[in-house]
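S.K.: pasting the sequence and the predicted coordinates here, then a few questions.
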Amino acid sequence: MGFVENKISSVIELCEDPTPDPAGIIIFGASGDLSFRKLIPSIFKLFKNRKLINFYILGVGRSNLSDKDFRERILETLNFDRDLVKKFIDHVYFLSGNYDDDNLYINLKEKINILNKKHNAKNNRLFYFATPPNVYLPIINHLGKFKLNEENGNFARMIIEKPFGNNLESAKKLDYELHKYLNEKQIYRIDHYLGKETVQNILMMRFANIVFEPIWNYKYIDHVQITVSEDLGVENRIGYFENTGLLRDMFQNHILQLLTLIAIEPPASLEANMIHDEKIKVLKSIRPFEYDTLDEYVIRGQYTDGYINGELKKSYMEEVGKNTNTETFVAVKMFIDNWRWSGVPFYIRSGKRLKKKLSEVSIVFKNVPHSIFSDFYPVKIEPNSLVIRIQPDEGFKLILQAKQPGSKMCINTLNMEFKYRNFFDYEPQDAYERLILDALLGDQTLYVRNDVMEESWKLVTPILQRWENEKSDLYYYPSGSWGPKESYRLIEKDGRRWRDYENI
Ligand code: NDP
């Protein structure tokens with residue numbers, strides 16, 4: 001009994017997040033949507049959980065805000081214990097200025113020195129780039145010019161928001177500029193999907209259990225499906241989305257990252273580079289999209305008006321206010337040409353204004369080789385599936401066949417379901433909370449390494465070029481549906497179908 005108790009308490013200790021070294025968190029674009037909706041609440045949670053003790057937050061932006069103004073906005077926004085929020089905002093400051101003006105960085109350096117002393121933050125700096133990407137380069141160049149990138153025994157790290165470039169060429173250019181002043185260990189390319197609990201659990205599930213790995217290959221898996229859907233449209237991010245489109249916004253980063261975790265070989269260890277090395281192998285094995293046959297593998301769509309939860313929603317073009325070919329939906333069929341995945345199709349669909357908000361991966365296994373039940377039950381036995389639910393209601397579901405109770409040998413489908421909320425007593429952690437803590441701790445495992453980012457751009461850039469250079473069909477779908485009919489054809493012509501989300 002004593003042994004078991006000791007083991008449990010040591011596991012709990014091991015599972016505690018370490019406390020990072022003192023540091024300042026400097027947010028460029030701190031007056032914006034991301035900062036108020038995600039970053040500041042996540043940093044507050046770290047403070048509340050006593051992961052941040054000697055620290056300060058310095059918001060930077062063009063807005064003419066005083067420390068007091070910025071603090072008041074935070075006080076209005078954070079819906080937590082007011083006394084605690086008041087203590088938190090004692091650590092918060094704001095600096096106004098233009099990103100291409102030397103004076104901003106002269107003032108920034110001075111303010112950092114003052115705040116380091118005031119908050120015992122050593123001289124550790126975590127810079128968060130939460131501005132539109134067109135100002136990343138002026139900021140990086142000025143940080144370099146004023147030596148704010150230098151470590152000298154302390155740390156200087158940069159979290160760079162997506163989109164990291166707009167295509168392969170611009171991503172490489174941004175990376176080149178970053179590397180003029182920083183080494184790879186200082187660069188944290190964020191993909192918030194990687195901070196989600198269930199996404200991290202994919203590695204644990206695959207490599208901490210013996211039962212999955214022997215069947216995790218082309219011999220037993222018929223195909224893999226990934227659906228990442230949102231019921232929201234572009235909302236207040238029209239300008240951003242119009243220049244980006246869904247392929248860049250979701251597929252190039254979140255979905256490819258998810259796919260690599262499903263497909264990678266066991267890494268030698270959990271060390272960040274070991275995982276990135278395996279991801280690169282997967283990305284390099286993905287069959288490139290051919291210019292001439294692209295339409296057989298990639299379907300793009302755009303939402304028209306339609307009803308979601310009884311409410312009429314506008315079409316994308318009405319929202320943008322002009323004719324546009326920007327895609328709000330993509331469905332893709334792809335192959336990973338390696339030993340494990342030879343011949344196994346991966347079907348992926350993602351879009352805005354679909355029926356439900358949901359992110360799920362389904363591993364659909366092959367049929368049994370021969371049914372001994374066919375005399376009793378002349379219906380085809382449904383194959384087994386393992387469903388990994390990333391959001392909402394995170395968990396796993398194993399879909400099996402079982403005997404329906406009764407005198408006959410009738411089959412019925414059984415869902416063995418595990419939901420996080422039923423098993424673990426935990427307060428869900430926002431992905432940004434996890435990722436900011438990791439950056440403070442210097443752990444790059446859940447961030448994207450430069451070669452991984454480049455390889456994913458290499459994959460999607462030919463698609464983007466084809467869409468830009470040649471008229472490629474854009475299919476329309478009503479808001480509140482599951483996408484254009486052609487996305488069904490993509491999978492049904494292979495004798496398969498999308499998982500049915502109508503009744504779940
Ligand atoms: P915002 O459009 O809200 O911009 C953030 C801040 O940047 C603004 O408050 C503004 O502050 C400043 N800014 C705006 N335009 C310019 C400009 N042309 N030049 C210089 N500064 C400007 O962006 P978000 O907060 O939505 O996003 C920030 C970054 O995070 C973007 O790169 C975005 O792609 C990425 N991102 C955002 C997500 C979100 O949910 N919002 C999700 C994932 C990524 P000020 O006027 O004070 O300078």
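M.R.: Okay, I see it. This one's a predicted model, so the numbers in the text were calculated from it and none came from an experiment.

S.K.: can you get me a residue count around residue 363?
M.R.: For residue 363, the count of nearby residues is 21 (other Cβ atoms under 10 Å). Where you see a C-beta, it was placed from the backbone N, CA and C, and this is true even at glycine.

S.K.: let me fix that, I meant to ask about residue 395.
M.R.: Residue 395 is flanked by 17 other residues according to other Cβ under 10 Å.

S.K.: could you measure from it over to residue 416?
M.R.: From residue 395 over to residue 416 the distance is 11 Å, taken as Cβ to Cβ, to the nearest Å.

S.K.: list the contacts of the residue in the stretch 101-250 of the chain positioned nearest to the ligand.
M.R.: For the stretch 101-250 of the chain and the ligand, the shortest gap (Cβ to the nearest ligand atom) falls at residue 161, measuring 3.7 Å. Contacts for residue 161 (Cβ atoms under 8 Å, 6 or more residues apart in numbering) come out as 34, 128-130, 133, 190.

S.K.: ok, and of those, which contact the ligand?
M.R.: Contacts with the ligand are made by 34, 130, 133 out of the contacts of residue 161, judged by Cβ under 6 Å from any ligand atom.

S.K.: got a ChimeraX select line for the buried ones in those?
M.R.: Here is the ChimeraX command that selects the buried residues among those (16 or more other Cβ atoms under 10 Å):
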select :34,130,133
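
S.K.: lowest-confidence one in the ones next to the ligand among the contacts of residue 161?
M.R.: Within those, pLDDT reaches its minimum at residue 133, with 90.

S.K.: didn't that residue look like it was pressed against residue 163?
M.R.: Yes: because the distance of 5.9 Å satisfies Cβ atoms under 8 Å, residue 133 is recorded as touching residue 163.

S.K.: buried set for the one helix or strand residue 280 maps to?
M.R.: Take DSSP states H and E as the rule and residue 280 turns out to sit in helix 272-285. If you call a residue buried by 16+ other Cβ under 10 Å, then helix 272-285 has these buried ones: 272, 275-280, 282-283, 285.

S.K.: for the ligand, give me its nearest residue in the stretch 51-200 of the chain.
M.R.: Closest point on the stretch 51-200 of the chain to the ligand, by Cβ to the nearest ligand atom, is residue 61, at 2.8 Å.

S.K.: nearest residue to residue 278 other than its sequence neighbours?
M.R.: Counting by Cβ to Cβ, 6 or more residues apart in numbering, residue 264 is the residue found nearest to residue 278 once chain neighbours are left out, at 4.1 Å.

S.K.: report how many residues lie close to the one you found.
M.R.: There are 22 residues near residue 264, going by other Cβ under 10 Å.

S.K.: domain ranges for this structure?
M.R.: 2-161, 194-492 (automatic domain parsing).

S.K.: okay, those in a markdown table with distance to residue 182 next?
M.R.: A markdown table is the format used below for the domains of the chain (distance: least, Cβ to Cβ, whole Å):
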| stretch | distance to residue 182 |
| --- | --- |
| domain 2-161 | 6 |
| domain 194-492 | 11 |
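
S.K.: of all these, which lies closest to residue 177?
M.R.: Closest to residue 177 of these is domain 2-161 (Cβ to Cβ; 5.6 Å).

S.K.: name the helix or strand for residue 153, please.
M.R.: Of the helices and strands defined by DSSP H and E, none includes residue 153.
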